[in-house]
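Engineer: pasting the sequence and the predicted model now:
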Amino acid sequence: MNVIETKGLCKSFRSPLKKPGVLGAVRHLFRPEHREIVAVTEVDLAIAAGESVAYVGPNGAGKSTTIKMLTGILLPTGGEVRVNGLHPYHQRMRNSKNIGVVFGQRTQLWWDIPVIESFTLLRDIYEVPEKTYAENLAYFTGMLGLAELLHQSARRLSLGQRMRCDLAVALMHNPAIVFLDEPTIGLDVAVKERIREFLKTVNRERGVTIMLTSHDLGDIEDVCRRLIIIDAGRIIYDGSIQGLLDRYVKQRSIRIIASARIDQPSAARAMPAGVEIVHADEREMTVEFDRFRYTAKDVLEIIMTAAEVVDFQLEEPDIERVVKNVYEGRLELEQGA
Amino acid sequence: MLTFQKYLRHVLCAIQETTAYRASYFINIVSQFVSYIAIFFLWRAVYTGNSVIGGMDWNDMQGYLLISLFTSALISGSSEFRVSRSIWTGNIAVELVRPVDYQKANFSITVGNGIAEGVLVAAIGILFALLIGFAVPPASPAAWLCFLLAVAFSFITKFLIVYIFGLFTFWTTGGMGLSWLRRGLTDFFSGAIIPLSFFPGWLKAAADVLPFRGIVSVPATIFIGRLPPSQILATFAVEAAWIAALWWLARLIWHFAMRKVTIHGG
Ligand SMILES: Nc1ncnc2c1ncn2[C@@H]1O[C@H](COP(=O)(O)OP(=O)(O)OP(=O)(O)O)[C@@H](O)[C@H]1O
Ligand SMILES: [Mg+2]
């Protein structure tokens, strides 16, 4: 069953168009001009219960706008949307009971009261039974290391401490889905690690559906199995992470170090079609090859006919590079499919 | 029952929040007294040489000013800007992903702030009244009851007006100008600066039909016994009607605001 479903989802904003300077501002006052900004267009999503989905794209691609529509705080300008079978905007109150939300740049905690009081407030808001609350509080306190934080006011917490508390808040009422908009923004490696571990655990143990946006591809590879890429408001890839690599990364590469000077011309002659020397030095060489035609072993054997290999290193295609290429428009995903 | 519990918890958290910074809590209250004292001496100067102005003697005026101070202290500072700040910063997003009614939650928080500040202001007010030898509280329990009811109406009316003006932040870019307009209208038509009985006839007639007078004039005149008992019931009926109207007006504005306008920040 799909817990998130959209068809042809669109959102455009009307933004005031002001000419620069005082004159422009005055003119705008009398004859306001607007321009249409298309933030999200024709987005189809179908996400099943228990999935973990990364929603990725360059700045301004429309990720936050989509999340806002799915959480019921923005009304779409077109298309259909259902979350747990409900319309998130028109049935906001009912929908919000089934979802947890983390906005990386904001907090659900009240600044000036102890964190535990904010937790109690949210317990009452979501009408969480006392027993569930006690169990969850113990569980999250253990997993996220909240014990020393609960009695401080949110104002005094560091960004990472606050984010750990916000994660607990988002999951306190056992939501079926949790939306996270850049949950690891500005955090150090250790805290990121802890948050990823936490998200994987709640996804696995509690079956919580996760949809997260992030610019940190580590988050994505670690937590999510499915990747959706949005660019300029349109979905340009939807599939597994491995699938993306299989489809769009043909090349692998091997870097070798030789014990003696490599005779470059004869090395070049030794390489068959689909294997190519991309970098060469006195005693060093990097070879790129089509991973659908050759195995690493094949290529290494070819290289050894031309050089005395003492050491080698295999470079796997990584998601980071692929996604970067996609952003920069070097990979034409639609054509590639 | 559970629904009530969630809004009650907002009230409790707001009381804690208001008192979290003891220093700023006291400074806020003291600063209100300072401006009050200035107004107090201004009026005393006006009353030297005049024993009765606009049907009020100096003793009435002192009681009036005291209640004026008390009712304006109930909704101040943080409550004034909560809605516009949260819209402007986009923080309203986190308030909207929870199963709460935004209007009721805001009301509950304002009640919490009001309790925390009101208790202290009332205490200092009583002390001040004793100090300057002024003490003409309502005579009968019935009058006290009417006064307390009028304070409740005052609070709800002012909340709704502040809240509605706050919602306009969805359409404008700065909350300040709106807030000044709101304050000007409220201060003038509520009788906070000049009692309504001083107004020329046509202006008084206007003030009498507007909701603002419920904020200061009604509780203050009940307190000093200048609102004829025969008019009290009718006055309350009008106030209740205004509260109902403003409550639904706020809902209507909210409905359009959410539809048309967007949440700031990504
Ligand atoms: N309230 C608004 N008014 C006008 N335009 C907006 C508004 N909110 C977003 N936009 C525009 O919509 C587009 C998508 O914005 P969105 O915040 O969804 O991007 P994003 O993918 O979350 O980017 P980022 O990675 O930078 O957070 C952008 O061009 C942005 O300028
Ligand atoms: Mg964003």
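Structural biologist: That came through, no problem. All values derive from a computational prediction rather than experimental measurement. Ligands and ions are numbered 1, 2, ... in the order given.

Engineer: where are the low-confidence patches of chain B?
Structural biologist: Counting by pLDDT under 70, the ranges of chain B that qualify are B:1-2, B:77-78, B:134-136, B:173-175, B:261, B:265-266.

Engineer: quick one, strands of it?
Structural biologist: Along chain B, counting by DSSP state E, strands occupy B:52-53, B:56-57.

Engineer: please identify the most buried of those strands.
Structural biologist: Comparing the strands of chain B on average neighbours per residue, with mean count of other C-beta atoms under 10 Å in any protein chain shown, the densest one is strand B:56-57 at a mean of 16. From N, CA and C alone the C-beta is placed, and that goes for glycine too.

Engineer: thinking again about what came up before, could you point out which of the strands of chain B sits nearest ligand 1?
Structural biologist: Closest to ligand 1 of those is strand B:56-57 (C-beta to the nearest ligand atom; 51.8 Å).

Engineer: the helix or strand where A:Val43 lies close to ligand 2?
Structural biologist: Using DSSP states H and E, A:Val43 maps to strand A:33-48. No. Using C-beta under 5 Å from the ion, strand A:33-48 never reaches ligand 2; the gap is at least 10.4 Å.

Engineer: which other helices and strands contact the next helix or strand after that strand?
Structural biologist: Following strand A:33-48 in sequence order, the next helix or strand is strand A:52-56 (DSSP H and E). Packing partners of strand A:52-56 (3 or more C-beta pairs under 8 Å, 6 or more residues apart in numbering or on different chains; DSSP states H and E): helix A:63-70, helix A:189-206, strand A:209-213, helix A:217-223, strand A:226-231.

Engineer: helices and strands of chain A: which one bottoms out on pLDDT?
Structural biologist: Least confident helix or strand, chain A: helix A:333-336 with a mean of 50, by mean pLDDT, DSSP states H and E.

Engineer: that's a helix at A:Lys297, yeah?
Structural biologist: Yes. Counting by DSSP: H, G, I helix; E, B strand; the rest coil, A:Lys297 is found in a helix.

Engineer: can you lay out the helices and strands packed on strand A:52-56 as TSV showing distance to ligand 1 and mean pLDDT?
Structural biologist: Putting the helices and strands packed on strand A:52-56 into TSV (distance: least, C-beta to the nearest ligand atom, whole Å; pLDDT from 0 to 100) gives the following:
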stretch	distance to ligand 1	mean pLDDT
helix A:63-70	3	96
helix A:189-206	17	94
strand A:209-213	7	97
helix A:217-223	13	88
strand A:226-231	7	94
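
Engineer: want to throw the ones you listed into CSV with mean neighbour count?
Structural biologist: Output for the helices and strands packed on strand A:52-56, formatted as CSV (neighbours: other C-beta atoms under 10 Å in any protein chain shown):
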stretch, mean neighbour count
helix A:63-70, 26
helix A:189-206, 16
strand A:209-213, 25
helix A:217-223, 19
strand A:226-231, 21
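
Engineer: compare the ones you listed and give me the one nearest ligand 2.
Structural biologist: helix A:63-70 (3.2 Å; C-beta to the ion).

Engineer: what's the angle from the very next helix or strand once past the closest one to strand A:33-48?
Structural biologist: Once helix A:63-70 ends, the next helix or strand along the chain (criterion: DSSP H and E) is strand A:78-83. Relative orientation of strand A:78-83 versus strand A:33-48 (axes from the mean of the first three to the mean of the last three C-alpha atoms, to 10 degrees): 40 degrees.

Engineer: what helices and strands are in contact with strand A:78-83?
Structural biologist: On a contact count with 3+ C-beta pairs under 8 Å, 6+ apart, strand A:78-83 meets strand A:2-17, helix A:63-70.

Engineer: for it, buried residues please.
Structural biologist: A:79, A:81-83 (16 or more other C-beta atoms under 10 Å in any protein chain shown).

Engineer: how about stretch B:29-49 as CSV, C-alpha atoms only?
Structural biologist: Output in CSV follows, covering the C-alpha atoms of stretch B:29-49 (Å, rounded to 0.1, in the frame of the first residue of the first chain):
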residue,chain,number,x,y,z
ILE,B,29,6.3,45.1,34.4
VAL,B,30,8.2,47.9,35.9
SER,B,31,8.5,49.7,32.6
GLN,B,32,4.7,49.6,32.3
PHE,B,33,4.4,51.2,35.7
VAL,B,34,6.8,54.0,34.8
SER,B,35,4.7,55.1,31.8
TYR,B,36,1.7,54.7,34.0
ILE,B,37,3.1,57.0,36.6
ALA,B,38,3.8,59.6,34.0
ILE,B,39,0.1,59.5,32.9
PHE,B,40,-0.9,59.6,36.5
PHE,B,41,0.8,62.9,37.2
LEU,B,42,-0.4,64.3,33.9
TRP,B,43,-4.0,63.7,34.9
ARG,B,44,-3.4,65.1,38.4
ALA,B,45,-2.2,68.3,36.8
VAL,B,46,-5.3,68.4,34.7
TYR,B,47,-7.4,67.9,37.8
THR,B,48,-5.9,70.7,39.9
GLY,B,49,-8.5,73.5,39.7
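
Engineer: list the buried residues in it.
Structural biologist: Buried residues in stretch B:29-49, counted by 16+ other C-beta under 10 Å: B:29, B:32-33, B:36, B:40, B:43, B:47.

Engineer: among the residues you listed, which ones are in helices?
Structural biologist: With DSSP state H as the criterion, helices contain B:29, B:32-33, B:36, B:40, B:43, B:47 from among the buried residues of stretch B:29-49.

Engineer: and the helices and strands packed on strand A:78-83 as a markdown table, adding distance to ligand 2?
Structural biologist: Formatted as a markdown table, the helices and strands packed on strand A:78-83 follow (distance: least, C-beta to the ion, whole Å):
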| stretch | distance to ligand 2 |
| --- | --- |
| strand A:2-17 | 13 |
| helix A:63-70 | 3 |
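
Engineer: closest to chain B out of the ones you listed?
Structural biologist: helix A:63-70 (3.9 Å; C-beta to the nearest C-beta).

Engineer: re earlier: next, see if the strand holding A:Val43 gets close to ligand 1.
Structural biologist: Yes. On the criterion C-beta under 6 Å from any ligand atom, strand A:33-48 is in touch with ligand 1 at A:37, A:39.

Engineer: what residues sit buried inside that strand?
Structural biologist: For strand A:33-48, the buried set under the neighbour-count rule, 16+ other C-beta under 10 Å, comprises A:39-41, A:43, A:45, A:47.

Engineer: who's in contact with A:Arg293?
Structural biologist: A:Gly274 (C-beta atoms under 8 Å, 6 or more residues apart in numbering or on different chains).

Engineer: quick one: name the residues of chain A near chain B.
Structural biologist: A:13, A:63-65, A:68, A:71-75, A:92-94, A:96-97, A:99, A:101, A:103, A:105-108, A:110-113, A:117-118, A:120-122, A:124-127, A:153, A:181 (C-beta under 8 Å from any C-beta of the partner chain).

Engineer: assumed A:Arg255 was part of a strand.
Structural biologist: Yes. Assessed with three-state DSSP, A:Arg255 lies in a strand.

Engineer: wait, isn't it in contact with A:Glu315?
Structural biologist: Yes. Applying C-beta atoms under 8 Å, one finds A:Arg255 in contact with A:Glu315, separated by 6.8 Å.

Engineer: where do the helices sit along the stretch 51-200 of chain A?
Structural biologist: A:63-70, A:92-98, A:115-125, A:130-144, A:159-171, A:189-206 (DSSP state H, counting those that start in this stretch).

Engineer: what mean pLDDT does the fourth one get?
Structural biologist: Which is helix A:130-144. Across helix A:130-144, the average pLDDT comes to 96.

Engineer: restricting to C-alpha, output that helix in CSV.
Structural biologist: Written as CSV, here are the backbone C-alpha positions of helix A:130-144 (Å, rounded to 0.1, in the frame of the first residue of the first chain):
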residue,chain,number,x,y,z
GLU,A,130,1.0,7.7,29.0
LYS,A,131,2.4,4.2,28.6
THR,A,132,3.5,4.8,25.0
TYR,A,133,5.1,8.1,26.0
ALA,A,134,7.1,6.6,28.8
GLU,A,135,8.3,3.8,26.5
ASN,A,136,9.2,6.1,23.7
LEU,A,137,10.9,8.6,26.0
ALA,A,138,13.1,5.9,27.5
TYR,A,139,13.9,4.5,24.0
PHE,A,140,14.8,7.8,22.4
THR,A,141,16.7,9.0,25.5
GLY,A,142,18.9,5.9,25.2
MET,A,143,19.4,5.9,21.5
LEU,A,144,20.0,9.6,21.1
